[in-house]
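Visitor: Sequence first, predicted coordinates after that:
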Amino acid sequence: MPRDMKALGIASLVTLFIASTIAIAHGEGEDTGSWRDLLGAFDIMVSASFLHSIGAIILVGGLLHIHSRLKTASADDEDAVGDEDEAIDAIIGSELSNRLIYIGVVMNLIGGTARLFEPGHPSLLETFANRWVTIMLVKHFFILIMCGAAIYATLPKGTTAARLLSTRMALASVVVIGALGALAGVVGQM
C-alpha cells in the first residue's frame, strides 16, 4: 500500500479524534453565528451526508473485494504455488482493495465529522438521557471496530487467515452498524 494512503488514513483518524473531543459536549443553541452555521447550510449538510454514505459504500466494496482476494489466496495456499501472472494479479487486486478501504474510511470520517458539528446535534453528555445518543454512541463504537479491522486486513504483515478473519469481523460490524442506524432512525422520529 502506498505510504501516502497510510498517512492519509492516520491523519483522518487523528483529525476525527481531535474533532470528537471538541464536539463532545456541544448541544442545541450553542455557538450561534459561528462556523457551525456554515455546516448547517443545506448544501453543506447534503455534501456531508453524501460523503458519509458514499464513503461507507466504498468501504464495504473494498471489504468485499479484499475478502474475495483473501479467500482465493487461502485456497491457493492449499494448492500448488502459483505462477508469476497470478502473483501480479494478487498485487494489483490488493492495491485496489486497499485503496477502496482507505478512501472509504477517509470519506466516511470527513462526512461524519462534518455531521457531528451541524447545528442542533445532541450533546454526547446526554448519553443515558437520550436513547438516540446512546444508540449512536454504540453504533460509532462498532464503526471504530470496523475501521480497525478493515485497516488490519490491508496490512500485508498478518497471515492470510488472520486478515480474512479481520475482514469478516469488519463485514459483521457493517451489519450491526446498519441495524443500529435503522434503530436510531426510528427512535429519532419518536
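Guide: Okay, I see it. Everything quoted here is computed from the prediction, not taken from an experiment.

Visitor: Residue 111 - how many residues pack around it?
Guide: Burial of residue 111, expressed as a neighbour count using other CB atoms under 10 Å, amounts to 20. All C-beta atoms are positioned from the backbone trio N, CA, C, and that covers glycine.

Visitor: for it, what are its contacts?
Guide: Residue 111 is in contact with 47-55, counting by CB atoms under 8 Å, 6 or more residues apart in numbering.

Visitor: Run through this protein and note the low-pLDDT ranges.
Guide: Applying pLDDT under 70 to the chain flags residues 1-40, 76-93, 189.

Visitor: Give me the buried positions along the top helix by length along the chain.
Guide: Looking only at the chain and at elements set by DSSP state H, the helix with the highest residue count is helix 42-78. When burial is assessed from 16 or more other CB atoms under 10 Å, helix 42-78 yields the following buried residues: 48, 51-52, 55-56, 58-63, 65-67, 69-70, 73.

Visitor: Phi first, then psi, for the closest residue to residue 73 other than its chain neighbours.
Guide: If the residues on either side of it in the chain are set aside, residue 73 comes closest to residue 160, at 5.2 Å by CB to CB, 6 or more residues apart in numbering. Torsion angles at residue 160 (phi, psi; degrees, to the nearest 10) stand at phi -60, psi -40.

Visitor: Let me know whether residue 118 touches residue 45 as I believe.
Guide: Yes. With contacts defined as CB atoms under 8 Å, residue 118 counts as touching residue 45 at a distance of 6.2 Å.

Visitor: which residues touch residue 137?
Guide: Under the criterion of CB under 8 Å, 6+ apart, the contact partners of residue 137 comprise 124, 127.

Visitor: what about residue 120, which SS state?
Guide: Secondary structure, DSSP: H, G, I helix; E, B strand; the rest coil: residue 120 is coil.
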